[in-house]
Structures are given as structure tokens and as C-alpha cells.
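Asks: Need the 3D shape of this:
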Amino acid sequence: MALVHSGVIENYIQRVTELSQSTQRIPTSAELEAIAGELGIEPEEIKAAQKQATDHFTRAQGYMRLGYWDDAIAELDDAIAFNPGESKFLLCSAEAHLGKWKHHHRAQDADQMHLRVRQCLSLDPGCEAALNLLGEFRRRQRSYFRTLMGGLIFAGAVLCGGGIYYFLQGGLPFVIEEKARLEDLQNTIQSQNDTIDQLIGEQKALRREFEAALNQQLQENRQSGDRLNKLYARFKYLEDKVKEYQNPPIVVPTPGPTSPPAQGNSSPPLVDGRKN
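Replies: Predicted coordinates:
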């Protein structure tokens with residue numbers, strides 16, 4: 001019986017996560033086996049826990065659609081600890097860290113996003129989705145810096161104006177009022193940006209689900225079409241066989257040679273109505 005929710009398994013997940021972050025790479029099979037051996041975890045327990053990695057991944061996707069980035073990252077860390085070579089887990093973790101960075105703009109979230117992207121690219125060097133994440137981060141980072149600099153310049157102008165007004169009018173209420181108004185404006189803009197980011201994330205998730213459902217439906221339609229064609233061909237074959245047995249070909253007998261008349265029973269010819 002696997003100790004999936006025991007302290008031993010939690011310790012295993014923590015050790016694997018720390019190793020991955022410290023070495024900036026995906027742990028090897030030998031390293032994972034060494035950690036499991038140190039903690040006294042049997043291979044059967046690891047295999048049983050690996051089967052739950054998909055459940056962690058599914059829950060993480062649900063949290064991401066709702067913007068619960070911390071919960072999503074925790075679920076993905078558990079999934080990656082048991083399947084560190086699964087590129088879709090790493091890519092999803094990078095997306096979750098990027099979503100968290102867009103909300104808080106903290107350096108550690110950006111660092112974790114880059115770590116997961118590098119790990120994903122180490123498994124699939126041509127992964128377009130991972131490269132697109134880097135491109136999106138770069139664009140949003142530049143936009144954030146421009147917005148931040150604009151806010152600082154605006155705040156500086158307001159403070160300078162407020163200082164001049166203070167010296168001219170002998171009071172500070174105007175400066176305080178403008179500063180509070182600026183903070184409210186920045187909070188409103190940030191809230192709107194977060195809402196837009198969340199809607200874009202939900203749109204992308206729905207697009208992926210739609211494409212997956214569409215591909216599955218097309219595959220099922222192709223399989224149904226092949227099945228119908230086979231059934232129709234079999235039906236036509238049986239129909240032709242039934243017709244063949246119901247209407248057998250008519251055999252016309254070939255006429256034989258004509259037999260000559262018998263000589264013993266022949267009567268002599270009559271001459272003038274009398275027999276000779």
C-alpha cells in the first residue's frame with residue numbers, strides 16, 4: 001500500500017523539489033532512486049504514487065483557470081516530483097509561475113518560471129509553447145517597466161507640484177490628496193490588468209480543451225466511417241450471395257442424335273392399296 005499522503009512521501013517530494021531547484025536541472029533516475037532508498041520508500045510505493053500524478057495535474061489546471069496560482073504550483077510540484085521527465089507538467093508549472101508573476105511581479109516567481117522553461121526545453125529543445133512563454137514574459141516585463149516608470153514620473157511631478165503649492169499656499173492637504181488619488185488610480189489599473197490576464201488565461205484553457213475535444217471527435221468520426229464502410233461492403237457481398245442462390249442459372253439440355261426407324265416392324269409399301 002503506497003504511503004501517498006504520509007510524511008515519508010511528503011519528505012520525498014520536498015527532497016526532489018529542492019534537488020531540482022538547487023541543480024537547475026531535472027533529477028536523474030539514479031538520484032530519485034537514491035532519495036527513495038534513503039527514506040526507506042519501496043519501488044512499489046513510488047509507482048503507486050506516480051499514478052496519482054495525473055490527478056495532481058488535473059487539479060492544477062482547475063486552480064489555474066480560477067487564478068489560484070499557489071494551489072496550482074503546489075499540485076504541480078507534487079506531480080513533477082514523481083514524474084520529473086513529463087514535459088507537460090513542467091510547461092504547466094511554468095505557466096502557473098508566469099501567472100503568479102503577472103499578479104505580484106516578484107523576482108522569485110520569474111526565476112521559477114525560467115527554471116521550469118529550461119527544464120522543459122532540456123526534454124524538448126524545440127518546444128514552441130515553452131519559447132512562447134519566454135516571449136510573453138519579455139513583452140509583459142517591458143510593459144510593466146514602462147508603466148512603472150510612467151507612474152514614478154507622474155508621482156514625482158505631482159509631488160513637485162504639491163511642494164510648490166505647499167510653499168506658495170502654506171499647506172500640505174493638496175499633496176496628500178493627490179497622492180491618495182494616484183494610489184487609487186494605480187490600484188484600479190492593476191485590478192483591470194489582473195482581470196484581463198485572468199480572462200486571457202481562461203480563453204487559452206478553453207481553446208486547448210476545445211481543440212482536444214475536436215480532435216477526439218474527428219478521430220471517432222473516422223473510425224465510425226471505416227466501420228460503416230466495412231459493414232456496407234459485407235452487406236453487399238451477402239446480398240449478392242443471396243441473389244445467386246435464389247436465382248440459379250438455367251441449364252438447357254443439349255439434343256442428342258436422331259435414332260433411325262426399326263427395320264423389323266416396318267410394313268411393306270402398298271401398291272394400289274394391296275400388299276405384295
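
Asks: mind listing the helices for this protein?
Replies: 7-23, 29-39, 43-50, 53-66, 69-82, 87-104, 107-123, 128-169, 173-246 (DSSP state H).

Asks: Can you show me the CA trace of the third one as CSV?
Replies: Right, the one you point to is helix 43-50. Output in CSV follows, covering the C-alpha atoms of helix 43-50 (Å, rounded to 0.1, in the frame of the first residue of the first chain):
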residue,chain,number,x,y,z
PRO,A,43,9.7,1.0,-5.6
GLU,A,44,6.1,-0.3,-5.4
GLU,A,45,5.1,2.7,-3.3
ILE,A,46,6.7,5.1,-5.7
LYS,A,47,4.9,3.5,-8.7
ALA,A,48,1.6,3.7,-6.8
ALA,A,49,2.2,7.4,-6.0
GLN,A,50,3.2,8.1,-9.6
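
Asks: pLDDT on that helix, on average?
Replies: Averaging pLDDT along helix 43-50 gives 73.

Asks: Can you give me every residue that contacts the residue most central in space within the chain?
Replies: What sits nearest the mean C-alpha location of the chain, by Cα atoms, centre = their mean, is Arg208, with 6.2 Å. In this structure, Arg208 makes contact with no residue, judged by Cβ atoms under 8 Å, 6 or more residues apart in numbering. (Each C-beta comes from the backbone N, C-alpha and C, glycine too.)

Asks: how near is it to Thr147?
Replies: Counting by Cβ to Cβ, to the nearest Å, the gap from Arg208 to Thr147 is 29 Å.

Asks: what does Gln198 give?
Replies: When Cβ to Cβ is the yardstick, Gln198 and Thr147 sit 18 Å from each other.

Asks: which one of these two has more residues nearby?
Replies: Between Gln198 and Thr147, Gln198 has the larger neighbour count (other Cβ atoms under 10 Å), namely 17 against 14.

Asks: I figured the more buried one hits Trp69, correct?
Replies: No. Contact between Gln198 and Trp69 fails when scored by Cβ atoms under 8 Å: they sit 10.5 Å apart.

Asks: Low-confidence stretches in the stretch 1-150 of the chain?
Replies: Under the criterion of pLDDT under 70, the regions of the stretch 1-150 of the chain flagged as low confidence span 1-7, 145, 148, 150.

Asks: let's see it at 50
Replies: Under the criterion of pLDDT under 50, the regions of the stretch 1-150 of the chain flagged as low confidence span 1-5.

Asks: Next, count neighbours for the nearest residue to Leu123 once chain neighbours are set aside.
Replies: Spatial nearest neighbour of Leu123, excluding adjacent residues (Cβ to Cβ, 6 or more residues apart in numbering): Ser87 at 4.7 Å. A total of 18 residues lie near Ser87 under the criterion other Cβ under 10 Å.

Asks: cool, and Ala212?
Replies: Look at Ala212: counted by other Cβ under 10 Å, it has 10 neighbours.

Asks: ok so, going back, confidence score at the residue nearest to the centre of the chain?
Replies: Residue-level pLDDT assigned to Arg208 equals 83.

Asks: With that, I have no additional questions.
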